[in-house]
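Undergrad: generate coordinates for the sequence data below:
(one chain, ligands or ions: 1)
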Amino acid sequence: MAVIKFSKDIEWGTATAAYQIEGAVDKDGRGLSIWDTYSHTPGIIRNGDNGDIACDSYHRYEEDIQLMKELGIDIYRFSVSWPRIFPLGKGEPNRKGLEFYHRFVDTLLENGIEPMCTLYHWDLPQSMQDIGGWGNREVVDAFANYARVMFEEFGGKIKKWITINEPWCVSFLSNYEGKHAPGNTNLQLATTISHHLLLAHGKAVSQFRDLGIEGEIGYAPNGEWLEPFSVQKEDIDACNRGMGIFIEWFFDPVFKGKYPDFMLDWFRKKGITLPIEENDMETIHQPIDFVGINYYSGSVGRYKKDEGLLDVEKVDIGYTKTDIGWNIYPEGFYKLLTKIKNQYGNIPIYITENGACYNDDVKNGRVQDDNRINYLKQHLTSLQRSIDSGVNIKGYLAWSLLDNFEWTEGYAMRFGLIHVNFNTLERTRKDSFYWYKKVIKNGWISM
Ligand code: JJW
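TA: Purely as a prediction, here's the structure:
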């Protein structure tokens, strides 16, 4: 038996996002978001699900916070719904929306849990989409204004801030692959959006510094690992592009002040340009306090002409998959973290999401999700390997506290440490909840 002992100062947490858990979509003056529109469009979401009720956490947050307290987490990562604060994206802030988050954050603090606030976790106000969404620079300024209002309102109370969650998903997945809201399939638009998201991040960081807000700010790009099928250069290059669109594309501008040449060349060959204006790169290239990494999966990849945007195909070589079909690839977690350290230096890192989809149900009051426990064990082992290799890991937040609305998969795909019955909204602690509680308390696991 091997014992893996975690660094003492690691902060433990769980993560969620507003549209995935809150429900109460027409409560207290909330405006519509692109996910309301998208999920109410017939034929898109599995089983016709939508986030109208979700986990009803808007009304049940006190119960949820008691569960967090019992779990023993140090940090809770949540997101703020922009259309609750600005129902039309801009204009006058909605007091009732702000007051909800005050009640929520106050309750976290009273229970000894540190709030980590994501400003943008995909629920763009529909009115912002109506003027072109993230493709329009006006939306970047509206975001910066929303961020400023949040800093002024919650500065000092919330000390950990994340600007944008998973910018690859917001740009390429949602506007080129068309698989998330708003569902566009336009490469030029998606690339423009990727730049605007980085700019929005940079402008929010500027506001944060100008206001002198106490605390830390970062962003949360997602990564996956691609292991080359062979040592042939074309396979290695294909995997570098496949990872490059997650990592270098969204890290180099922030940490180096420029887009990566190997990716720029690729986009240029496709006739795609970037709408970079004067001072944009300076705005994007500002010191941040930490980076959040979301990691779930990895694959073997190889070169295949005209496969997708980047001429890379994933090769199924029989890895075990979670119930959502994603490979279990813990080595990729370790490799990704060390790659980031090697390329960008010793920046403090929070793992802002990591977790597994297993759809175990309640049987006799119990959810036996050993598969999730195994996944978490493997990934926590990779995490400690990265710490032992000098990666500056500050914290680990499991996705997710609760089963919730998994975007186009609706409620069918469950990532929670706590089971939610979506008919009764009853919460049931899974075996993984009790297991994670012990990890937090003891600081070690055994394999
Ligand atoms: C890619 C669709 C296959 C979320 C994707 C779909 C693939 C043919 C989990 N992270 O719910 C990536 N998540 O809100 C943020 N991360 O392509 C949080 N990435 O088509 C979690 C979904 C995702 C994805 C989902």
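Undergrad: for the rest of this, base every contact and every neighbour count on C-alpha atoms.
TA: OK.
Undergrad: can you tell me the helix or strand for the spatially closest residue to residue 133 that is not a sequence neighbour?
TA: Excluding the flanking residues, the one nearest residue 133 by Cα to Cα, 6 or more residues apart in numbering is residue 139, at 6.4 Å. Residue 139 is part of helix 137-154, with elements assigned from DSSP states H and E.
Undergrad: strands of the stretch 201-350 of the chain, residue ranges please.
TA: With DSSP state E, counting those that start in this stretch as the criterion, the stretch 201-350 of the chain has strands at 216-220, 222-228, 290-303, 312-315, 349-353.
Undergrad: show me what the helix holding residue 139 is packed against.
TA: Contact analysis of helix 137-154 by 3 or more Cα pairs under 8 Å, 6 or more residues apart in numbering; DSSP states H and E lists helix 187-211 as its packing neighbours.
Undergrad: against residue 136, how distant is the residue nearest the centre of the chain?
TA: Central residue of the chain (Cα atoms, centre = their mean): residue 165, 4.4 Å from the mean position. Residue 165 sits 19 Å away from residue 136, going by Cα to Cα, to the nearest Å.
Undergrad: do you know the pLDDT at the nearest residue to residue 88 once chain neighbours are set aside?
TA: Computed as Cα to Cα, 6+ apart, the closest residue to residue 88 that is not its neighbour in sequence is residue 127, at 5.4 Å. For residue 127, the model assigns a pLDDT of 98.
Undergrad: can you tell me the element residue 127 falls in?
TA: helix 126-130.
Undergrad: ok, how many other residues are close to the residue nearest to residue 88?
TA: 19 (other Cα atoms under 10 Å).
Undergrad: and it, what does it touch?
TA: 32, 33, 88, 89 (Cα atoms under 8 Å, 6 or more residues apart in numbering).
Undergrad: quick revisit: correct me if wrong: the residue nearest to the centre of the chain contacts residue 201.
TA: No: contact between residue 165 and residue 201 fails when scored by Cα atoms under 8 Å: they sit 10.0 Å apart.
Undergrad: so residue 298 versus residue 37, what's the distance?
TA: Taken as Cα to Cα, the span from residue 298 to residue 37 is 31 Å.
Undergrad: of these two, give the one with the bigger neighbour count.
TA: residue 298 (23 against 13).
Undergrad: against residue 299, how distant is the closest residue in space to that one that isn't next to it in sequence?
TA: In this structure, residue 298 finds its nearest non-sequential neighbour in residue 225, 4.4 Å apart by Cα to Cα, 6+ apart. Residue 225 sits 6 Å away from residue 299, going by Cα to Cα.
Undergrad: same check on residue 70?
TA: Counting by Cα to Cα - residue 70 and residue 299 are separated by 36 Å.
Undergrad: so for those two, which sits in the more crowded spot?
TA: Using other Cα under 10 Å, the more surrounded residue of residue 70 and residue 299 is residue 299, with 24 against 12.
Undergrad: so that one makes contact with residue 315?
TA: Yes: using Cα under 8 Å, residue 299 is in contact with residue 315, at 7.2 Å.
Undergrad: returning to what we had before: what would the contacts of residue 127 look like in a markdown table with secondary structure?
TA: As requested, the contacts of residue 127 are exported to a markdown table (DSSP: H, G, I helix; E, B strand; the rest coil):
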| residue | secondary structure |
| --- | --- |
| 32 | coil |
| 33 | strand |
| 88 | coil |
| 89 | coil |
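Undergrad: reformat those as CSV; add distance to residue 184, neighbour count and pLDDT.
TA: Output for the contacts of residue 127, formatted as CSV (distance: Cα to Cα, whole Å; neighbours: other Cα atoms under 10 Å; pLDDT from 0 to 100):
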residue, distance to residue 184, neighbour count, pLDDT
32, 19, 21, 98
33, 16, 27, 99
88, 21, 21, 98
89, 20, 25, 98
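Undergrad: need the residues you listed in JSON lines with distance to residue 429, can you?
TA: Listed next are the contacts of residue 127 as JSON lines, based on distance: Cα to Cα, whole Å:
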{"residue": "32", "distance to residue 429": "32"}
{"residue": "33", "distance to residue 429": "31"}
{"residue": "88", "distance to residue 429": "37"}
{"residue": "89", "distance to residue 429": "37"}
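Undergrad: quick check, nearest of the residues you listed to residue 432?
TA: residue 33 (32.7 Å; Cα to Cα).
Undergrad: if I look at the nearest residue to residue 129 once chain neighbours are set aside, how far off is residue 24?
TA: In space, and not counting its chain neighbours, residue 129 is closest to residue 34: 7.0 Å by Cα to Cα, 6+ apart. Per Cα to Cα, residue 34 is found 16 Å from residue 24.
Undergrad: name the residue in the two with the higher neighbour count.
TA: When residue 34 is set against residue 24 and neighbours are counted by other Cα under 10 Å, the residue ahead is residue 34, at 23 against 18.
Undergrad: list the contacts of the more buried one.
TA: Residue 34 neighbours (Cα under 8 Å, 6+ apart): 123, 124, 125, 126, 129, 181, 182.
Undergrad: now do residue 329
TA: By Cα under 8 Å, 6+ apart, the contact list for residue 329 reads 296, 297, 298, 299, 319.
Undergrad: mind checking how far it is from residue 439?
TA: 21 Å.
Undergrad: one more: residue 108?
TA: 21 Å.
Undergrad: fine by me, we can end here.
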